[in-house]
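[1] next comes the sequence, and after it the predicted model I'd like to discuss.
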Amino acid sequence: MEVSNLLIPAVLFFALGFVAQGVKSDLKFPPDLAKALSIYLLIGIGLKGGIELAHADLGHALHAVAAALVLGFGLPLVAYAILLAGRLDKLNASAIAAHYGSVSAGTFLTAIAYLEAQQIEFESYPVIMLAIMESPAIIVGLLLARISRRGRGDEDARENHMGELLRDAFTNGSVILLLGAMVIGVVVEPESLATITPFYKVLFMGVLSLFLLEMGMEAGKRIAEFGRAGVFLISFGVAMPLIGAAAGIAVGHAWLGFGEGGVLLVAVLGASASYIAVPPAMRLAVPEANPSYYLTLSLGVTFPFNVLVGIPFYHYAIRHLLA
Amino acid sequence: MEVSNLLIPAVLFFALGFVAQGVKSDLKFPPDLAKALSIYLLIGIGLKGGIELAHADLGHALHAVAAALVLGFGLPLVAYAILLAGRLDKLNASAIAAHYGSVSAGTFLTAIAYLEAQQIEFESYPVIMLAIMESPAIIVGLLLARISRRGRGDEDARENHMGELLRDAFTNGSVILLLGAMVIGVVVEPESLATITPFYKVLFMGVLSLFLLEMGMEAGKRIAEFGRAGVFLISFGVAMPLIGAAAGIAVGHAWLGFGEGGVLLVAVLGASASYIAVPPAMRLAVPEANPSYYLTLSLGVTFPFNVLVGIPFYHYAIRHLLA
Amino acid sequence: MEVSNLLIPAVLFFALGFVAQGVKSDLKFPPDLAKALSIYLLIGIGLKGGIELAHADLGHALHAVAAALVLGFGLPLVAYAILLAGRLDKLNASAIAAHYGSVSAGTFLTAIAYLEAQQIEFESYPVIMLAIMESPAIIVGLLLARISRRGRGDEDARENHMGELLRDAFTNGSVILLLGAMVIGVVVEPESLATITPFYKVLFMGVLSLFLLEMGMEAGKRIAEFGRAGVFLISFGVAMPLIGAAAGIAVGHAWLGFGEGGVLLVAVLGASASYIAVPPAMRLAVPEANPSYYLTLSLGVTFPFNVLVGIPFYHYAIRHLLA
Amino acid sequence: MIPTHRMKLINIVANAALEERLSDIAEAHAASGYTVLDARGAGSAGLQTGVLEGGSNILFMLIVPEAKLDEVLADIEKLMKRGHHLAAFITDTQVLRREKFNA
Amino acid sequence: MIPTHRMKLINIVANAALEERLSDIAEAHAASGYTVLDARGAGSAGLQTGVLEGGSNILFMLIVPEAKLDEVLADIEKLMKRGHHLAAFITDTQVLRREKFNA
Amino acid sequence: MIPTHRMKLINIVANAALEERLSDIAEAHAASGYTVLDARGAGSAGLQTGVLEGGSNILFMLIVPEAKLDEVLADIEKLMKRGHHLAAFITDTQVLRREKFNA
Ligand SMILES: Nc1ncnc2c1ncn2[C@@H]1O[C@H](COP(=O)(O)O)[C@@H](O)[C@H]1O
Ligand SMILES: Nc1ncnc2c1ncn2[C@@H]1O[C@H](COP(=O)(O)O)[C@@H](O)[C@H]1O
Ligand SMILES: Nc1ncnc2c1ncn2[C@@H]1O[C@H](COP(=O)(O)O)[C@@H](O)[C@H]1O
Ligand code: NA
Ligand code: NA
Ligand code: NA
């Protein structure tokens, strides 16, 4: 594996943002720019997934969905167990766990850019899995928090009404964008879709690079909060992606039988933690948890780790496994 | 007319936003994104119009302009009469009437996407008419409000000074963008224009889809205000576009002699109501009117009606008329 | 030189914004749009420079860098001397001087659009010079201000600590974006860069036109502040670009031996004044100076002068010089 | 002299996800309206840069007649009891046109 | 102890289209300046989501010496009389450097 | 009745470039946090349209116990002495949960 594999725009722009923050540059991004870019990226992935879903094998697709549900429901439980073992209180553990069951679209797209730069083929199903994996993690987080609250007697109708709890998980903004765009990608005729692909497809990697530049800065800002999080949580932020990647590799290889590229993408789904969809959901669902913990872990530790170290490392491991 | 005609990105993204709001998704758009997108879209239409105007037949162009003025000055009077008949106070009637004399670029562009998806040819003159139709409606609204105020003796120099009144109508932001871009499209040499067309032309339909997604959400938010508007106004919001479309069809077919596509676009010019250019103008010109009425009608009722039902219906009617 | 040379999108969109402000249009741009566009433009120039730097002649490149340093350090001193001669206080003189040693990317890019419209070749080194010239000017401004403050005894550790002073100059947001993107352009393999060029290259001139539209409005708003600046400063805003252009022509022609196109670009580097990178730097480094002076001069006087009059005039002069 | 009327301005700085909850409170107490501004900042919940939704604040402003102050604060207290991270502070203010703020 | 000086902070929440009118009022009364923030909200004019210009609010802040308060309020009253939908509220405030606010 | 506690709300309107300096001051005095809003306006430093960084304001809000007011104002005075253009004004406010604002 040559170094040049890592010298791709996605990774370098992320690094640039990270460095800019490190040298205390006065570089500022309009706060709303990242929000606009992530909306664009989610629609772009959704369309891509839908177009591929249109002529995908239903059997395989269902297996991929099932695998996504297993990872989405399973990983948070693993994370929760580890966090409790580390003596973290149950509510913070619930909120953090939810982030690790979900995924980071930015990391996933970096992995795609990484594969494309090396002309490595990959299956399309992981894109579908990405859209599926937001909701289960949120639901598990909600349920874990509910259980943790038991007997504290400060139950609250609104927060804990099961119906609304599920609604919030499925009407999450990111989920709506991913699934909605996916449906549009499925139902619209190719020639009609062609009118919007110059915008959503041709520009995609360029927009991603700009998004990652800003995320690099955001990740850099979080380093100042490491102290607050403490050694145990910071190390969890590095260890959990390794566990998630291992689970992803097992699922992608043994169960779904994907090739090198597809397995890497599933590994990244398992390894990455959400910093866009899940944090606002946890704000409402587990208000008692401290957002500084879960934002610092998912955005400040796990995200840079996956982008700069994890992806090539998982790839290296997969190569050896398949060889 | 097959259903697939309606399954175009423009319509589906609008529907997605509308649904997202309906299911109370927490999906949020940065408030400034829609403003940026509409600036882009207005410049894009203007350039398109200018490029076509450059090699358009002056005679036809003048007829189109005349027709635009007739619709722009006439339709608000019709709307005003209907609203007074419905016992709405004169000032609210004046403000609402202005919106229906003007046009909705979003609806107009959806109609263009609708035609292109079916490979139906259309004349270029309606684009010029679009740019013309903003100002007259604003002027009529201003004059109607002035008359309504007569004798109320709380005249105010600034609001009612005829010169400034006209200036505001012609220096309206949307008018400046449309006409300015149109002039640029006329005077710049093709090879020089080619440097900016990848941005303004190739991306256009994609940007439109993103804009309509957000407008779908905005329209959805307005439904909560239906009660405030009342049954009469809500039904006016459905009836008036039908009248406007009929007027547009008559003008486009009988006067301008356009084909199926061109007539549909003129129908949409007549049927649609402004929710970008006119509301701020009425805020200053008819402050007494309640913005909740005219925003709810143009954005919450007429816009979705035209995009989801009106366009295919007008098209259907035109087909029968021409057959 | 035919008029059609000036009828290029970049110039016309700037003029449109300027006129819109002149006629007191209610046209509004979301404040953050310009910030987002300028981030995009700086990355775009940086990448362009890096790609060209990759296969540039090192010898020539070093000469270009040296020339950029000479202009960057020299021009502020000239400006400072003139301003003191005009009886301006030393601190305001220091801050204004820094702006004229630095450059305006918007003006530079307008010059590139102007050359491309006439199919005039130009060297790639000026792009590198652009990236170099931000920092020296800031440093000179800081040093001049320090000297001016001598003996005022209200020294402040933080503001005047040499280390931080230099850090601020080199970690300036614009510098980071330009140099960072340049490095990325150098190290990334062509086929990998190709994934982001549709975004950063193909759209570039279109995005520039939108940026210049907003800058035209900003420049227009500044006219109201001319009175505050006074006759001397306003005339300085027209005279200084002429001096800077002359210096640039001398350097570009006699020293660097560029052709017609390259010399014009160096002239514009000399003639233009920064309104993005330097103002925030001076806010911190020379807080005593009045921002209304330097913003009005660089943005309200020198920028429109260069875009509308200067570029073609410098070009005309260069033609005669080379003939 | 233009008459003004004493009222209470309730300010709440909280994560953007709470906007709907807060406007519901305003409605529940029949306030004449409310105002929301986007904000960033830092506090016990850590740094809120305003870049990601999970780290974006709003400043929610609500003007109420003094008679209503306590019932509204009670609802805000409920949110805080539930664990929500927010800063709430009340300022005396004089409004133009008492009737606009339904008192 | 740092000296502060009692002044009046006039807050106005209105549609963005009124920004120029309000800054004209500030100038007309020789205020030292003004501050504007983008806002959204809801009130008698309905929901203001901040997405479309016709439905976007601003929070306009104007600090004036007490002596000037009434003449400024008179101009704001004029706007309201003319029918403009806006919320205006005044708060006591202590400024640093009286001279900055020309009093 | 919900208990509230008297504190001071320090408001500063300054160029965006000063944000880091101001948050440093908040930290230096162990404030529980701070809030920042983007703003535009006009003043002695001229028109601040908010479009370019050099012409963009922020409204920096800092709530402190009265005991801390003076030391914080002293630091702000330092900034002004150094020449920085900013408007600073302090308002009395009543906070919910005194302990949140570490007093
Ligand atoms: N002392 C303070 N002054 C001003 N704003 C504050 C202060 N403390 C907290 N805030 C704001 O309130 C938000 C929520 O506070 P917290 O619950 O402590 O995280 C923070 O993100 C800040 O924007
Ligand atoms: N009770 C209130 N508290 C805070 N803001 C309000 C209140 N009433 C109205 N506003 C704001 O003032 C704007 C104009 O009010 P109105 O004239 O009632 O439409 C609204 O859009 C709100 O943003
Ligand atoms: N009288 C005032 N009322 C409200 N805001 C003000 C006032 N004077 C100044 N400001 C704000 O404070 C900023 C800095 O003020 P200055 O130092 O005078 O330039 C200005 O850009 C305004 O946004
Ligand atoms: Na995961
Ligand atoms: Na119409
Ligand atoms: Na220069």
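    Nice, thanks for sending it over. Ligands and ions are numbered 1, 2, ... in the order given.
[2] hmm, the lengthiest helix in chain D touching chain F?
    The residue-count maximum for a helix in chain D (DSSP state H) belongs to helix D:66-81. Yes. Using Cβ under 8 Å from any Cβ of the partner chain, helix D:66-81 reaches chain F at D:70, D:73-74, D:76-77, D:80. Where you see a C-beta, it was placed from the backbone N, CA and C, and this is true even at glycine.
[3] for stretch D:38-58, same thing?
    Yes. Between stretch D:38-58 and chain F, judged by Cβ under 8 Å from any Cβ, the touching residues are D:38-44, D:57.
[4] so does that stretch get close to ligand 2?
    No. Figure legend: stretch D:38-58 not in contact with ligand 2 (Cβ under 6 Å from any ligand atom); closest approach 12.8 Å.
[5] gap between that stretch and the chain center?
    A distance of 16 Å separates the centroid of the chain from that of stretch D:38-58, by Cα atoms, centre = their mean, to the nearest Å.
[6] biggest separation within the residues of stretch D:38-58 next to chain F, which pair?
    Pairwise distances among the residues of stretch D:38-58 next to chain F were taken by Cβ to Cβ; the largest, 20.3 Å, belongs to D:Asp38 and D:Ser44.
[7] doesn't D:Ala42 fall inside a strand?
    Yes. Applying DSSP: H, G, I helix; E, B strand; the rest coil, one finds D:Ala42 inside a strand.
[8] ok, it - contacts?
    D:48, F:23, F:26, F:33-34 (Cβ atoms under 8 Å, 6 or more residues apart in numbering or on different chains).
[9] packing partners for whatever helix or strand comes next after the longest helix of chain D?
    Sequence-wise, the next helix or strand downstream of helix D:66-81 (DSSP states H and E) is strand D:86-96. When contacts are defined as 3 or more Cβ pairs under 8 Å, 6 or more residues apart in numbering or on different chains; DSSP states H and E, strand D:86-96 sits against strand D:4-15, helix D:66-81, helix E:66-81, strand E:86-96, strand F:4-15, strand F:86-96.
[10] mind redoing it with 7 Å?
    strand D:4-15, helix D:66-81, helix E:66-81, strand E:86-96, strand F:86-96 (3 or more Cβ pairs under 7 Å, 6 or more residues apart in numbering or on different chains; DSSP states H and E).
[11] quick one: the last one to strand E:4-15, angle?
    This means strand F:86-96. In terms of direction (axes from the mean of the first three to the mean of the last three Cα atoms, to 10 degrees), strand F:86-96 departs from strand E:4-15 by 80 degrees.
[12] now strand F:86-96: mean pLDDT?
    Averaging pLDDT along strand F:86-96 gives 98.
[13] next: stretch D:3-10.
    98.
[14] for stretch A:11-23, same thing?
    On average, stretch A:11-23 scores 97.
[15] any idea how far it is from the chain center?
    On Cα atoms, centre = their mean, the centre of stretch A:11-23 falls 20 Å from the chain's centre.
[16] what's the answer for stretch A:196-209, then?
    Mean-position distance between stretch A:196-209 and its chain equals 20 Å (Cα atoms, centre = their mean).
[17] for it, give me every contacting residue.
    Where contact means Cβ atoms under 7 Å, 6 or more residues apart in numbering or on different chains, the residues beyond stretch A:196-209 that reach it are A:9-10, A:13, A:37, A:40-41, A:43-44, A:47, A:109, A:113, B:9, B:202-203, B:205-207, B:209, C:195-196, C:198-200.
[18] one more pass at 8 Å, please.
    Residues contacting stretch A:196-209 (Cβ under 8 Å, 6+ apart): A:9-10, A:13, A:37, A:40-41, A:43-44, A:47-48, A:106, A:109-110, A:113, B:9, B:202-203, B:205-207, B:209-210, C:195-200, C:203.
[19] among those residues, which ones are in strands?
    Nothing among those maps onto strands, per DSSP state E.
[20] what's the neighbour count on the nearest residue to A:Gly141 once chain neighbours are set aside?
    With Cβ to Cβ, 6 or more residues apart in numbering or on different chains as the criterion, A:Gly141 has its nearest non-adjacent residue at 2.7 Å, and that residue is A:Ala98. Neighbour count for A:Ala98, taken as other Cβ atoms under 10 Å in any protein chain shown: 36.
[21] packing partners for the helix or strand where A:Ala98 lies?
    Element membership for A:Ala98 (DSSP H and E) is helix A:90-101. Other elements packing on helix A:90-101 under the criterion 3+ Cβ pairs under 8 Å, 6+ apart are helix A:58-85, helix A:134-149, helix A:226-250, helix A:278-285, helix A:291-295.
[22] quick one: the third one to helix A:90-101, angle?
    The reference is to helix A:226-250. Using the same axes, to 10 degrees: helix A:226-250 against helix A:90-101 is 50 degrees.
[23] could you do the longest one as well?
    Using the same axes, to 10 degrees, the direction of helix A:58-85 lies 150 degrees away from that of helix A:90-101.
[24] by contact count, what packs against helix A:58-85?
    Helix A:58-85 packs on helix A:90-101, helix A:125-132, helix A:134-149, helix A:226-250, helix A:260-271, going by 3+ Cβ pairs under 8 Å, 6+ apart.
[25] ok, and what's touching the second one?
    Residues lying outside helix A:125-132 but in contact with it, judged by Cβ under 8 Å, 6+ apart, are A:45-46, A:48-49, A:52-53, A:56, A:60-61, A:64-65, A:67-69, A:71-72, A:103, A:105, A:108, A:175, A:178-179, A:182, A:252, A:256, A:258, A:262, A:265-266, A:269.
[26] any idea how far the helix holding A:Ala98 is from the chain center?
    Its chain's C-alpha centre and that of helix A:90-101 lie 14 Å apart, by Cα atoms, centre = their mean.
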